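Participant: A predicted structure for the sequence below; I have some questions about it.
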Amino acid sequence: MDNQLNAIIIDDERMARQELLRLLKKHPHIHVVAQAENIEQGFDAIEIHQPDIVFLDIEMPGGTGLTLAEKLQGKYPIVFCTAYDEFAVDAFALNAIDYLVKPVVPERLADTIVKFTAHKEKAHKLKQETVNKNAVDEEESLPPEPTLADDFKLMVKFGDHMKIIRLGDIFRFESIGNHAAIYTSQGKAYIHSSLNKIEAKLDDNTYFRASRVDILRLDAIEKLEQTINYGLLAQLKNNVDVEISRRQASKLKTQLGFPT
């Protein structure tokens with residue numbers, strides 16, 4: 001695999017673009033192929049250069065970075081650059097790799113690049129292995145969608161304040177319409193994403209679909225009790241009980257090695 005990764009910077013502030021460009025020069029394998037100051041220019045640059053990664057400001061005149069990210073439909077990995085308390089981002093839909101808080105700290109940028117480079121190399125290796133197996137059709141020749149690690153960052157709203165949390169901090173997802181409530185040790189927050197979309201991004205060795213409306217983190221379950229309809233009642237570490245449907249209870253018992 002060619003070690004060079006092409007990047008595009010999209011930010012309406014010239015000084016912010018120059019500072020990020022300066023920091024990226026310390027990572028020789030990241031090559032900035034274009035810069036843009038609004039989402040229209042950014043979209044055109046992405047269409048032309050087909051970058052490996054996009055560094056995208058969130059708040060810009062004429063439309064937010066979220067608008068552009070939605071338009072890209074998850075095709076390009078995105079690192080959002082943000083003033084921290086601006087927006088809640090549906091990272092599960094927009095292919096967000098990370099969030100960088102302005103002013104960007106060099107060490108945080110380095111961490112992001114290390115994680116992304118490793119992810120890119122792993123995805124490339126998986127794709128090559130699958131192609132070498134002479135998959136019957138194009139869909140089978142693509143690698144499975146990678147799951148998110150516990151240190152994946154999400155920006156969510158707790159009350160009137162935005163906070164960046166780790167995926168590993170979330171021990172329950174609950175479906176509420178087209179949103180999902182998330183439960184953490186810091187409290188309850190909301191993200192604009194469906195439970196099915198979230199489930200596709202989670203490691204099934206870490207999270208479990210308890211029912212149509214709940215996904216639970218396995219190591220957050222303190223106790224399991226059988227219900228009268230042969231389902232399970234899971235007591236979480238926050239002392240909240242969540243019902244696991246009969247069908248999913250059977251799957252969970254098998255996964256955990258319990259007798260069914």
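Facilitator: On my side now, so go ahead.
Participant: count of residues packed around Met155?
Facilitator: Neighbour count of Met155, defined by other C-beta atoms under 10 Å: 23. Any C-beta I mention is one placed from the backbone N, CA and C, and that applies to glycine too.
Participant: That one and Cys81 touch, don't they?
Facilitator: No: Met155 lies out of contact with Cys81 (C-beta atoms under 8 Å); the separation is 11.7 Å.
Participant: Any chance you could list residues touching both of these two?
Facilitator: Jointly contacting Met155 and Cys81 under the rule C-beta atoms under 8 Å, 6 or more residues apart in numbering are Tyr99.
Participant: Mean confidence (pLDDT) on the one helix or strand Ala181 maps to, please.
Facilitator: If you go by DSSP states H and E, Ala181 is part of strand 179-184. Average pLDDT, strand 179-184: 89.
Participant: Can I get it in PDB? Just the C-alpha atoms.
Facilitator: Output in PDB follows, covering the C-alpha atoms of strand 179-184 (Å, rounded to 0.1, in the frame of the first residue of the first chain):
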ATOM      1  CA  HIS A 179     -33.100   9.600  17.900                       C
ATOM      2  CA  ALA A 180     -31.300   7.500  20.400                       C
ATOM      3  CA  ALA A 181     -30.800   8.200  24.100                       C
ATOM      4  CA  ILE A 182     -27.400   7.300  25.400                       C
ATOM      5  CA  TYR A 183     -26.600   6.500  29.000                       C
ATOM      6  CA  THR A 184     -23.200   7.200  30.500                       C
END
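Participant: just checking, what packs against the next helix or strand after that strand?
Facilitator: Following strand 179-184 in sequence order, the next helix or strand is strand 187-191 (DSSP H and E). If contacts are counted by 3 or more C-beta pairs under 8 Å, 6 or more residues apart in numbering; DSSP states H and E, strand 187-191 sits against strand 153-158, strand 179-184.
Participant: quick one: buried residues of strand 187-191?
Facilitator: 189, 191 (16 or more other C-beta atoms under 10 Å).
Participant: what comes up buried for the helix or strand that comes right after it?
Facilitator: Counting by DSSP H and E, the next helix or strand C-terminal to strand 187-191 is helix 195-201. Buried residues in helix 195-201, counting neighbours by 16+ other C-beta under 10 Å, are found at 195, 198, 201.
Participant: just checking, the second one touches Ala180?
Facilitator: Yes: counting by C-beta under 8 Å, Ile198 touches Ala180, with 6.1 Å between them.
Participant: Asp52: which of the buried residues of helix 195-201 is nearest?
Facilitator: Nearest to Asp52 among the buried residues of helix 195-201, counting by C-beta to C-beta, is Lys201 at 19.9 Å.
Participant: would you turn the helices and strands packed on strand 187-191 into a markdown table with distance to Ile46?
Facilitator: Output for the helices and strands packed on strand 187-191, formatted as a markdown table (distance: least, C-beta to C-beta, whole Å):
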| stretch | distance to Ile46 |
| --- | --- |
| strand 153-158 | 22 |
| strand 179-184 | 28 |
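Participant: Which phi and psi values does the residue of the chain positioned farthest from its centre adopt?
Facilitator: What lies farthest from the middle of the chain is Ile228; by C-alpha atoms, centre = their mean that is 37.4 Å. When read as degrees, to the nearest 10, the backbone of Ile228 gives phi -60, psi -30.
Participant: Show me the domain layout of this protein.
Facilitator: 1-146, 165-260 (automatic domain parsing).
Participant: can you list these in TSV and add distance to Gly159?
Facilitator: Shown next, in TSV, are those (distance: least, C-beta to C-beta, whole Å):
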stretch	distance to Gly159
domain 1-146	12
domain 165-260	8
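Participant: and these, which one's lowest on average pLDDT?
Facilitator: domain 1-146 (a mean of 81).
Participant: how far out from the middle of the chain is that domain?
Facilitator: Its chain's C-alpha centre and that of domain 1-146 lie 12 Å apart, by C-alpha atoms, centre = their mean, to the nearest Å.
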